[in-house]
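Visitor: I'd like to go over a predicted model; first the sequence, then the structure.
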Amino acid sequence: MKYPVVIHKDEDSDYGVTFPDLGGCFSAGDTIEEALANAQEAAECHIEGILIDSEPIPVPTNIEKHKDNPDFKNGIWLSLRWI
């Protein structure tokens, strides 16, 4: 599945990656590459937990749904195949 992700970095912090369609799923890393690699592992673990709990896997939406959310202001958007 392709989920939108937003990469963000605040001053004095690592790069963060958030999956807006996977509530509570996020990751970080010293570099963008490391943050994205860690995000893949986070998404896999998050979805594994959803499956263990017998809950439905959230349907991915498009970036347009989230891009105006002030929580993601100044973020870099990607839509990547994770699962």
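Guide: Perfect, thanks for sending it. Numbering: from 1, shown residues only.

Visitor: how about this protein, which residue sits the furthest from its center?
Guide: Going by C-alpha atoms, centre = their mean, the residue of the chain most distant from its centre is Ser54, 21.3 Å out.

Visitor: identify the residue spatially nearest to the most centrally placed residue in the chain, adjacent ones excluded.
Guide: Ranked by distance to the mean C-alpha position of the chain (C-alpha atoms, centre = their mean), the top residue is Phe19 at 2.4 Å. Leaving aside its sequence neighbours, Phe19 sits nearest to Cys25 (C-beta to C-beta, 6 or more residues apart in numbering; 4.3 Å). (Glycine included, C-beta is placed from N, CA and C.)

Visitor: so what's the residue count around the one you found?
Guide: Using other C-beta atoms under 10 Å, Cys25 has 23 other residues around it.

Visitor: just Val17 next, same as before
Guide: Residues near Val17, counting by other C-beta under 10 Å, number 28.

Visitor: lowest-confidence helix or strand of the chain?
Guide: Ranking every helix and strand in the chain by mean pLDDT, DSSP states H and E puts strand 76-81 at the bottom, with a mean of 85.

Visitor: distance of Leu51 relative to Glu44?
Guide: 11 Å (C-beta to C-beta, to the nearest Å).

Visitor: dump the residue contacts of Leu78.
Guide: Each residue near Leu78 by C-beta atoms under 8 Å, 6 or more residues apart in numbering is listed here: Pro4, Val5, Val6, Ile7.

Visitor: farthest pair in those?
Guide: Pairwise distances across the contacts of Leu78 peak at 11.0 Å for Pro4 and Ile7 (criterion: C-beta to C-beta).

Visitor: neighbour-wise, which of these two wins?
Guide: With neighbours defined as other C-beta under 10 Å, Pro4 and Ile7 compare such that Pro4 has more, 22 against 19.
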